[in-house]
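Chemist: build the 3D model from these lines:
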Amino acid sequence: MFSGKRPVSVTAAARNCGMGRSAFGTLFSRLMGISFPEFGLRYRLSGAAAQLARTDAPLKAVALDWGFTDASHLHRTFCRRYGCTPADYRKRVLEH
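Modeler: Residues are numbered from 1 along each chain as shown. As a prediction, the model looks like this:
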């Protein structure tokens, strides 16, 4: 899913599978029930959430570790997906 700290593109994944971009995207969606980009986003958000829960790393570091462009990008995406800020998520996890 990652190459270094950068998310893998659909084109790169397709090439690694010896497929065209369109065929790969169609097959991936059929098998997984979601698109490759959505799968990648879920993977990155899940990893970021786990890192927030188990470390006190600053949001900027977590964002960069999981392929987000900056802390603001992770913050916006995290809020849309989980309905709370990364800081609130971390606080709730640590309280339990």
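
Chemist: checking T69 next. Helix, strand or coil?
Modeler: Assigned with DSSP: H, G, I helix; E, B strand; the rest coil, T69 falls in the coil class.

Chemist: next, it: phi, psi?
Modeler: Dihedral angles of T69 (phi, psi; degrees, to the nearest 10) stand at phi -70, psi -30.

Chemist: what separation do you get for the residue lying closest to it once chain neighbours are set aside and G33?
Modeler: Nearest residue to T69, sequence neighbours excluded (Cβ to Cβ, 6 or more residues apart in numbering): A63, at 7.5 Å. Where C-beta positions appear, they are placed from N, C-alpha and C, glycine not excepted. Remark: distance between A63 and G33 (Cβ to Cβ, to the nearest Å) = 27 Å.

Chemist: wait, the residue nearest to T69 sits on A71?
Modeler: Yes - here A63 reaches A71: they are 4.8 Å apart, a contact under Cβ atoms under 8 Å.

Chemist: who has more neighbours, these two?
Modeler: A63 (24 against 16; other Cβ atoms under 10 Å).

Chemist: which residues does the helix or strand hosting the more buried one contact?
Modeler: Here A63, judged by DSSP states H and E, is contained in helix 59-65. By Cβ atoms under 8 Å, 6 or more residues apart in numbering, the list of residues contacting helix 59-65 from outside reads 5, 47-48, 51-52, 55, 57, 69-71, 73-75, 86-87.
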